[in-house]
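# Kindly return the folded structure for what I paste below:
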Amino acid sequence: MKVAVAGAGVMGAGIALSSIQAGYRTLLFDVNEAALEKGKSYILKELDKAVEKGKLTPEKASEAIHLLSVVNDVNALQADIIIEAILENLEIKQTLFKQLEAVNSPDAILATNTSSIPITQIARGLQHPGRVVGVHFFNPAHIMKLVEIISGAETDCNVAQKAFQWAESLGKKAVYAADAPGFIVNRVARHYYVEGLKVLEEHVASLETIDRLCEASGFKMGPFRLMDLIGVDTNYAVTSSMYALFGQDAKFRPSRIQKQKVDAGHHGRKTGQGFYRYEG
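Here you go, the predicted structure:
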């Protein structure tokens, strides 16, 4: 099986890394050459880290590297399963899927890593909407075990099953989810971020205190450290999407503090500054 990943950001690169480590020939695509090089560098760096920690042999790392190819031409994005990990924007995703449908066989699985947009909406307008399925990884994708497999209204059950089996072959724990806003995890977890931001907005406590309290309660990371890891911009986009999908329900209201961070380009670890500052 040949795999392709559209989008060379941290999430897309992490998915591609998981794929090559599992022995799949994998294409990593991005229209932005700089993003493509950065994504490839991220993969090589993570493989080096795994070797240093003794989690991977140098031979296995070398084998994985040889399974990876990078392309910036969407017409070259041909595979048995293609996973998009691009911007959380319905129109952009629909445009990409129409391009992918045109250059791939009807048997190719078109998967989306969307965090919140309904699969049914993404598949709308395609000639073969039955082959579109949600395959939602969590950041960092090469480390986090959970993957949500989401069927849209027209997703073929065999397509969902194949996507499930592929995710499991990566060493992940796959679960089926319904095509509802936020699916399972983002619907449950959204308030971890939203309520943390509300507490900060209302000057109840500093973000450092909120993080320490949550971590002392058993969470591995507080909401602000976690948003910085995920990407403040990505997290904000998902909250905004869910706010719209739930009819502007106040409990999903995006935070003005988070929006300011996004506008300032303080997107978290990947930019060196988010709610916290990062060196190197």
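
# Could you list the low-pLDDT ranges of the stretch 101-250 of the chain?
Within the stretch 101-250 of the chain, no range satisfies pLDDT under 70.

# show me where it has strands.
Under the criterion DSSP state E, counting those that start in this stretch, the stretch 101-250 of the chain contains strands at 109-112, 132-136, 146-151, 173-177.

# Just put the ones you listed in a markdown table and tack on distance to residue 235 and mean neighbour count.
Every residue, glycine included, has its C-beta placed from N, CA and C. Listed next are the strands of the stretch 101-250 of the chain as a markdown table, based on distance: least, CB to CB, whole Å; neighbours: other CB atoms under 10 Å:
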| stretch | distance to residue 235 | mean neighbour count |
| --- | --- | --- |
| strand 109-112 | 18 | 26 |
| strand 132-136 | 15 | 27 |
| strand 146-151 | 17 | 22 |
| strand 173-177 | 19 | 15 |
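
# Tabulate these in CSV, adding columns for distance to residue 97.
Below are those laid out as CSV (distance: least, CB to CB, whole Å):
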stretch, distance to residue 97
strand 109-112, 6
strand 132-136, 7
strand 146-151, 15
strand 173-177, 20
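
# and the gap between residue 113 and residue 261?
23 Å (CB to CB, to the nearest Å).

# go on, residue 151?
Taken as CB to CB, the span from residue 151 to residue 261 is 34 Å.

# Would you indicate which residues of the helix of greatest length in the chain are buried?
Taking DSSP state H as the criterion, the chain has its longest helix at helix 33-52. Going by neighbour count (16 or more other CB atoms under 10 Å), the buried part of helix 33-52 is 35, 36, 38, 39, 40, 42, 43, 44, 46, 47, 50, 51.

# Distance check, the third one against residue 50.
Same thing as residue 38. Using CB to CB, residue 38 is found at 19 Å from residue 50.

# What are the boundaries of the helices in the stretch 101-250 of the chain?
119-123, 157-169, 185-201, 207-216, 223-230, 232-245 (DSSP state H, counting those that start in this stretch).

# could those be laid out in a markdown table, adding mean neighbour count and distance to residue 145?
Output for these, formatted as a markdown table (neighbours: other CB atoms under 10 Å; distance: least, CB to CB, whole Å):
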| stretch | mean neighbour count | distance to residue 145 |
| --- | --- | --- |
| helix 119-123 | 22 | 22 |
| helix 157-169 | 17 | 10 |
| helix 185-201 | 18 | 12 |
| helix 207-216 | 16 | 21 |
| helix 223-230 | 23 | 16 |
| helix 232-245 | 22 | 20 |
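
# Against residue 44, how distant is residue 16?
11 Å.

# meant to ask about residue 273
24 Å.

# now swap in residue 58 and tell me
13 Å.

# is it true that residue 11 touches residue 141?
Yes: in this structure residue 11 lies within contact range of residue 141 using CB atoms under 8 Å: 5.7 Å.

# Mutual contacts of these two, please.
Common contacts of residue 11 and residue 141 (CB atoms under 8 Å, 6 or more residues apart in numbering): none found.

# show me the contacts for residue 106.
Applying CB under 8 Å, 6+ apart, the residues near residue 106 are 128, 131.

# Now do the contacts for residue 42.
10, 13, 14, 17.

# ok, now residue 107?
By CB under 8 Å, 6+ apart, the neighbours of residue 107 are 80, 131.

# for it, phi and psi?
phi -90, psi -10 (degrees, to the nearest 10).

# what's the answer for residue 277, then?
Backbone torsions of residue 277, given as degrees, to the nearest 10, read phi -100, psi 150.

# Repeat that for residue 2.
Taking degrees, to the nearest 10 as the convention, residue 2 sits at phi -100, psi 140.

# Report how many residues lie close to it.
By other CB atoms under 10 Å, 16 other residues sit near residue 2.

# ok, so what distance separates it from residue 108?
10 Å.

# same thing with residue 64?
For residue 64 relative to residue 108 (CB to CB), the value is 23 Å.

# More neighbours: these two, which one.
Neighbour tally, residue 64 and residue 108, criterion other CB under 10 Å: the higher count belongs to residue 64, 22 against 19.

# And for that one, nearest residue in space, chain neighbours not counted?
Leaving aside its chain neighbours, residue 64 sits nearest to residue 20 (4.3 Å; criterion: CB to CB, 6 or more residues apart in numbering).
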